[in-house]
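Undergrad: Show me the folded form of this:
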Amino acid sequence: MIGVSVSAEGLVEMERVVGELGDGRKLLEAAAAGVERRWRGHLEERYVPRDRDGVDFWGRVVRSMRGEVSESGAVVRVEEVGVRLRYEGGVVVPGKGISSYTGRATRALAIPSGAVPVREGRRISPREAGPLVFVKGRGGETVGCLLEGEVSGVISRGKNKGRPRVRRKGGVMFTLVMRQVIRGDAGILPSGEVLLEGVC
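TA: Below you'll find the predicted structure:
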């Protein structure tokens, strides 16, 4: 989550310049609405067009924007999961969660390719992708790839006896990596001057 705060103390001078408005809460509500309007417009202009092939991340970001007003000030927040990582940047590593495919602690991140179908504005997980074939990587940060597969029978020997035999059918669906570096993008939050235009 990221947000913009409007302090009630900062509006005292503005209230003096504008004149007696009577209710400081109305001034805060107007300031929050102005900030939200400018920030929403900024995201719709620069980021929403980046959503392609049915992926709706930036659209969800815009829809998750909320303004709250209290006695001490106002806050406009974006609560979509992942937006703070995109704003600040960082390194994503596996192991903090449970794999949707194996049910065990994750050992690699599954980065979807453009061939992965989209459902409800997000690319589906490996668990939902149907039969997949694992091809081991040659070292480094890439563990391997998951390719589209099809069931071709049942394994008759070894520790996997009785499980479906899957053979390669299509191209790369997911790349498995040990970590993913996300570069921060401070442009997600418009400059103070742009936000002030919405308030004044």
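Undergrad: Got the domain ranges for the chain?
TA: Per the record, the chain has its domains at 2-89+183-199, 91-181, by automatic domain parsing.
Undergrad: Switch those over to CSV; also include mean neighbour count and mean pLDDT.
TA: All C-beta atoms are positioned from the backbone trio N, CA, C, and that covers glycine. Shown next, in CSV, are the domains of the chain (neighbours: other CB atoms under 10 Å; pLDDT from 0 to 100):
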stretch, mean neighbour count, mean pLDDT
domain 2-89+183-199, 15, 79
domain 91-181, 14, 87
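Undergrad: What distance do you get for residue 187 to residue 48?
TA: Residue 187 is 14 Å from residue 48, where distance means CB to CB, to the nearest Å.
Undergrad: What of residue 183?
TA: With CB to CB as the criterion, residue 183 and residue 48 are 20 Å apart.
Undergrad: go on, residue 160?
TA: Distance, residue 160 to residue 48, using CB to CB: 45 Å.
Undergrad: and if you look at residue 99?
TA: 31 Å.
Undergrad: again with residue 143
TA: 33 Å.
Undergrad: same check, this time on residue 119
TA: Residue 119 is 19 Å from residue 48, by CB to CB.
Undergrad: try residue 60
TA: Residue 60 is 10 Å from residue 48, where distance means CB to CB.
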